[in-house]
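Q: Got a sequence here, can you build the structure:
(2 chains)
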Amino acid sequence: MPDPIISPQPIISLQPIISLQNVDLSYAGRALPVRALENVSLAAADGEFVSVVGPSGCGKSTLLKIISGLLPHSSGTVLVNGQPVKGPPPSIGIVFQSPLLMPWRNILDNVLVQIDMRDLRRSDYREKARSLLKMVGLSAFEGAYPYQLSGGMQQRVGICRALVHSPQLLIMDEPFGALDAMTREQMMIELQRIWMDQKTTILFITHSLSEAIFLSDRVLVMGPRPGRVVGEFTIDIPRPRRIRDERSPAFAEYADRVRTCLEASGALPAYQEATAG
Amino acid sequence: MSTVKIASERDRNRPLPATARSTIGAGAARMTGLLMPFVGVGALLLLWALITTIFKIPDYLLPSPISVIRRASLEWRILLAQTSYTLIEIVAGFLGSLLIGIPMAFAVVLSRPVERVVLPMVVASQAIPKVAIAPILVVWLGFGLFPKIVISFLIGFFPVLVSTITGLKSVETEMIDLVRSMGASTTKIMLRVRLPSALPQIFSGLKVAIALSVVGAIVGEFVGADRGLGYLLLTATGALDGTLVWAALLVLIGLGILLFEIVAAVERVAIRWHVSIRANDQQTFTS
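A: Numbering: from 1, shown residues only, chains lettered A, B, ... in the order given. Next up, the predicted model:
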């Protein structure tokens, strides 16, 4: 029997998960209003890995707060999953630079914080939480407390917590910024695997060019205040990528182009200026 | 990735640090740890006995510990009866500090007007010496248990209030952002994020409060009472009955320590995850 109703499935899959159009944010400063974001437009398709790189203070974290509904914007449209953002959208997960685990909860309960805060039934998500912990190699630690885990392990728990309710959008704000170089590389490999496994859209905010290029389908470059998008690069390196690919000519080429773009925006000092000064 | 796998497999076969402590060595260390305070008290009593004997100090000035203990064992009925009154005052005053101080801290943290209006008044009330207003309270509230409970509460609740406010406020803004992104309501953030993270500070306030509640009850009894350990101290001092004064004092000291230890024990269970408790664990483990 043919289905009389046309399935809305294709329409949804065409719709971007995040869509920002001409977003401005200004707030009252001491004398004049301060413009934190100026005319920011960006989009991320379903399942896409998009990074935002830029110097500190360029409004990357402000952008994150606007998309996650924690901060209202002054003008423009912000859509997550086709819906205008008025408060935290239901289908997002966030990972911050600090793991932000609750020291009084064990590891499994820390993953389930997401469920408790959303008033969902724990019993429906316990298995999902366990399988996520297994995926990041922390099965043996589900009864342990945060202080018993290393920084990298704690951040993995934070990632599991952000994924336990199967969000469509995962927002990460410099998640590996506090980790040592080796743990960081390990986490980059692991995040790539998680992303390929879970098919979640990821918006990854970082100030590390190598993290952005290694992980992303697309890299957006933001210029210094007022924050605006000054460049966009599609990274066409086959996956799964390996850390040693960072030394490949293709990778170096991308890094060079992103760096040139940052220099042009005034975020990085250009070579001539550095020698002249 | 492979290194992570190896680490987790190794750790699966090895008990976690928290569960690894119940070895015989740690048990013996724990016993010595428990005995240590008694060694100190014993040494002090010995010194006290020596001083009173060597310098032949009269009983009304400083009786020897032996005669104090002998007197206490003779008068145990009176001591017990008086102690029970004082204990009721202390516990009621302390519970009052807890039941009023903690909710008041919630109100202060949740509402800016409350913070602006109530907090200065509370601070002002703390500037008044309780000993100075104790007689007025007795005039207002009579000679019964109630004025003593009120004084004990007035002294004890301030540290609870102040430390609870500090605790509730000192949650990282990112943590609040995180749970807000999960759609948590203000109430939920208060009860399931701010309150648990404030527990270490709340308990340090409660430990100060229990010690001060003892002071409050005794001050109340000094001002006007016909029973209680404070009353006993006052009458015995008046009668130059040194051994009874010191017997009452020893009971009071024991009571203070016991009550403090009860609060500390509850704390150890309630916030076993906190670094202050874990540090203690580590000490018994290594010593």
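Q: My reading is that A:M222 lies in a strand. Confirm?
A: Yes: using DSSP: H, G, I helix; E, B strand; the rest coil, the assignment for A:M222 is a strand.
Q: pretty sure it is touching A:K60, no?
A: Yes: counting by CB atoms under 8 Å, A:M222 touches A:K60, with 6.1 Å between them. For the C-beta atoms, the positions are set from N, CA and C on the backbone; glycine is no exception.
Q: So for the two, which residues contact both of them?
A: Counting by CB atoms under 8 Å, 6 or more residues apart in numbering or on different chains, the common neighbours of A:M222 and A:K60 are A:52, A:54.
Q: More neighbours: which of those two?
A: It is A:M222, of A:M222 and A:K60, that has more neighbours when counted by other CB atoms under 10 Å in any protein chain shown, with 25 against 21.
Q: Who does the more buried one form a beta bridge with?
A: A:V229 (DSSP bridges).
Q: show me what contacts it?
A: A:M222 touches A:52-54, A:58-60, A:63, A:228-230, counting by CB under 8 Å, 6+ apart.
Q: let's see it at 10 Å
A: A:37, A:40, A:42, A:52-55, A:58-60, A:63, A:205, A:228-231, A:262, A:265, A:267 (CB atoms under 10 Å, 6 or more residues apart in numbering or on different chains).
Q: what about it, distance to chain B?
A: Distance of A:M222 to chain B, given as CB to the nearest CB, to the nearest Å: 20 Å.
Q: Please apply the same query to A:L179.
A: A:L179 is 13 Å from chain B, by CB to the nearest CB.
Q: Tell me if I am right that that residue is in a strand.
A: No: read with three-state DSSP, A:L179 is coil and lies in no strand.
Q: Show me the helices in the stretch 101-250 of chain A, by range?
A: A:107-111, A:113-117, A:122-135, A:151-163, A:181-198, A:209-215, A:249-265 (DSSP state H, counting those that start in this stretch).
Q: Which one, of the ones you listed, ends up nearest to B:A247?
A: Comparing the helices of the stretch 101-250 of chain A by their distance to B:A247 (CB to CB), the top pick is helix A:107-111, with 50.9 Å.
Q: tell me what that closest one is packed against?
A: Under the contact criterion of 3 or more CB pairs under 10 Å, 6 or more residues apart in numbering or on different chains; DSSP states H and E, helix A:107-111 touches helix A:122-135, helix A:151-163.
Q: and it, C-alpha only, in PDB?
A: Backbone C-alpha positions of helix A:107-111 (Å, rounded to 0.1, in the frame of the first residue of the first chain) are rendered in PDB as follows:
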ATOM      1  CA  ILE A 107      31.500   8.700  36.700                       C
ATOM      2  CA  LEU A 108      28.300   7.000  35.500                       C
ATOM      3  CA  ASP A 109      26.200   9.500  37.500                       C
ATOM      4  CA  ASN A 110      28.200  12.400  36.000                       C
ATOM      5  CA  VAL A 111      27.300  11.200  32.500                       C
END
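Q: What are the contacting residues of it?
A: A:99-105, A:115-116, A:122, A:125-126, A:128-130, A:132-133, A:138-146, A:148-149, A:153-154, A:156-164.
Q: Can you say which of these are also within reach of chain B?
A: Restricting those to those within reach of chain B (CB under 10 Å from any CB of the partner chain) leaves A:100-105, A:115-116, A:133, A:138-141, A:143-146, A:148, A:153, A:156, A:158, A:161-162.
Q: the helices in the stretch 51-200 of chain B, which residues?
A: So, for the stretch 51-200 of chain B - with DSSP H, counting those that start in this stretch - the helices run B:65-74, B:76-110, B:112-127, B:130-141, B:145-169, B:173-181, B:186-189, B:195-223.
Q: Please tabulate those helices in a markdown table and include distance to B:V39 and mean neighbour count as additional columns.
A: Listed next are these as a markdown table, based on distance: least, CB to CB, whole Å; neighbours: other CB atoms under 10 Å in any protein chain shown:
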| stretch | distance to B:V39 | mean neighbour count |
| --- | --- | --- |
| helix B:65-74 | 16 | 16 |
| helix B:76-110 | 26 | 19 |
| helix B:112-127 | 38 | 12 |
| helix B:130-141 | 36 | 15 |
| helix B:145-169 | 31 | 24 |
| helix B:173-181 | 44 | 19 |
| helix B:186-189 | 47 | 14 |
| helix B:195-223 | 23 | 23 |
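Q: Quick one: those helices as TSV, columns for distance to chain A too.
A: Listed next are the helices of the stretch 51-200 of chain B as TSV, based on distance: least, CB to the nearest CB, whole Å:
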stretch	distance to chain A
helix B:65-74	43
helix B:76-110	17
helix B:112-127	19
helix B:130-141	35
helix B:145-169	13
helix B:173-181	5
helix B:186-189	7
helix B:195-223	5
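Q: Between these, which one is closest to B:L35.
A: With CB to CB as the yardstick, what comes closest out of the helices of the stretch 51-200 of chain B is helix B:65-74 (19.7 Å).
Q: Now do that closest one: which elements does it pack against?
A: Secondary elements touching helix B:65-74 (3+ CB pairs under 10 Å, 6+ apart): helix B:24-54, helix B:76-110, helix B:242-270.
Q: With mean pLDDT as extra columns, can I get those in a markdown table?
A: Formatted as a markdown table, the helices and strands packed on helix B:65-74 follow (pLDDT from 0 to 100):
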| stretch | mean pLDDT |
| --- | --- |
| helix B:24-54 | 84 |
| helix B:76-110 | 95 |
| helix B:242-270 | 93 |
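Q: that older thread, same list, the helices of the stretch 101-250 of chain A, but as a markdown table with mean pLDDT and mean neighbour count please.
A: What follows is the helices of the stretch 101-250 of chain A, written out as a markdown table (pLDDT from 0 to 100; neighbours: other CB atoms under 10 Å in any protein chain shown):
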| stretch | mean pLDDT | mean neighbour count |
| --- | --- | --- |
| helix A:107-111 | 97 | 24 |
| helix A:113-117 | 96 | 21 |
| helix A:122-135 | 94 | 16 |
| helix A:151-163 | 94 | 24 |
| helix A:181-198 | 90 | 17 |
| helix A:209-215 | 93 | 23 |
| helix A:249-265 | 90 | 16 |
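Q: can you redo those helices as TSV with distance to A:A28?
A: Putting these into TSV (distance: least, CB to CB, whole Å) gives the following:
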stretch	distance to A:A28
helix A:107-111	38
helix A:113-117	31
helix A:122-135	42
helix A:151-163	33
helix A:181-198	38
helix A:209-215	33
helix A:249-265	26
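Q: Nearest approach to B:A124 belongs to which of those?
A: It's helix A:113-117; of those, that one is closest to B:A124 (CB to CB) at 39.1 Å.
Q: Compute the number of surrounding residues for A:E48.
A: So A:E48, with other CB under 10 Å, has 18 neighbours.
Q: how about the nearest residue to it, chain neighbours excluded?
A: A:D217 (5.2 Å; CB to CB, 6 or more residues apart in numbering or on different chains).
Q: do the same with A:R161
A: Per CB to CB, 6+ apart, closest to A:R161 is A:V111, 4.8 Å.
Q: roughly how far apart are the one you found and A:V229?
A: 34 Å (CB to CB, to the nearest Å).
Q: same question, B:F55
A: 87 Å.
Q: can you check A:Q192 too?
A: Counting by CB to CB, the gap from A:Q192 to A:V229 is 24 Å.
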